[in-house]
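Peer 1: No sequence on hand, only this structure:
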């Protein structure tokens, strides 16, 4: 039976909720959780900077189309374009 809740579109079952509760009752390895870190993994030895970029609807559509063709993210394509330009 489903609880009506979903995670990434998949229904959460009562069995899954019970398993999560049992895991929590057993306790977590706090050191292991801290080692895992939060957020996205770093791209280098120093923290990366976030840069806002404004694109027109047409530019964004072209970027998304190429990203889909190359199976890459928008960010990957933009970084590659900057690296090629700077080389």
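Peer 2: Now that the structure is in, tell me what you want to look at. Just so it is clear, the model here is predicted, and its values are computed rather than measured. Numbers count the residues shown, from 1 in each chain.

Peer 1: can we go C-alpha only for contacts and neighbour counts from here?
Peer 2: Noted.

Peer 1: separation between residue 29 and residue 10?
Peer 2: When CA to CA, to the nearest Å is applied, the distance between residue 29 and residue 10 equals 27 Å.

Peer 1: Repeat that for residue 84.
Peer 2: Residue 84 sits 40 Å away from residue 10, taking CA to CA as the criterion.

Peer 1: Quick one, grab the pLDDT at residue 36.
Peer 2: The per-residue pLDDT reported for residue 36 equals 63.

Peer 1: show me the contacts for residue 77.
Peer 2: Contact partners of residue 77, counting by CA atoms under 8 Å, 6 or more residues apart in numbering, are 63, 67.

Peer 1: Enumerate the positions of the helix or strand harbouring it that are buried.
Peer 2: Residue 77 belongs to helix 74-86 when elements are defined using DSSP states H and E. By neighbour count, with 16 or more other CA atoms under 10 Å as the criterion, the buried positions of helix 74-86 are 74, 77.

Peer 1: tell me the mean pLDDT for it?
Peer 2: On average, the pLDDT along helix 74-86 is 93.

Peer 1: Ok, stretch 8-27 next?
Peer 2: The predicted model gives stretch 8-27 an average pLDDT of 85.

Peer 1: Which residue ranges of this structure form helices?
Peer 2: Listed in chain order, the helices of the chain (DSSP state H) span residues 14-26, 30-36, 57-70, 74-86.

Peer 1: Same question for stretch 11-18: list its buried residues.
Peer 2: Across stretch 11-18, burial judged by 16+ other CA under 10 Å covers residue 12.

Peer 1: Spatially, which residue comes closest to residue 73, not counting chain neighbours?
Peer 2: Taking CA to CA, 6 or more residues apart in numbering as the measure, residue 73 lies nearest to residue 67, with 5.7 Å between them; neighbours along the chain are not counted.

Peer 1: show me what contacts the one you found?
Peer 2: For residue 67, the set of contacting residues under the criterion of CA under 8 Å, 6+ apart consists of 73, 74, 77.
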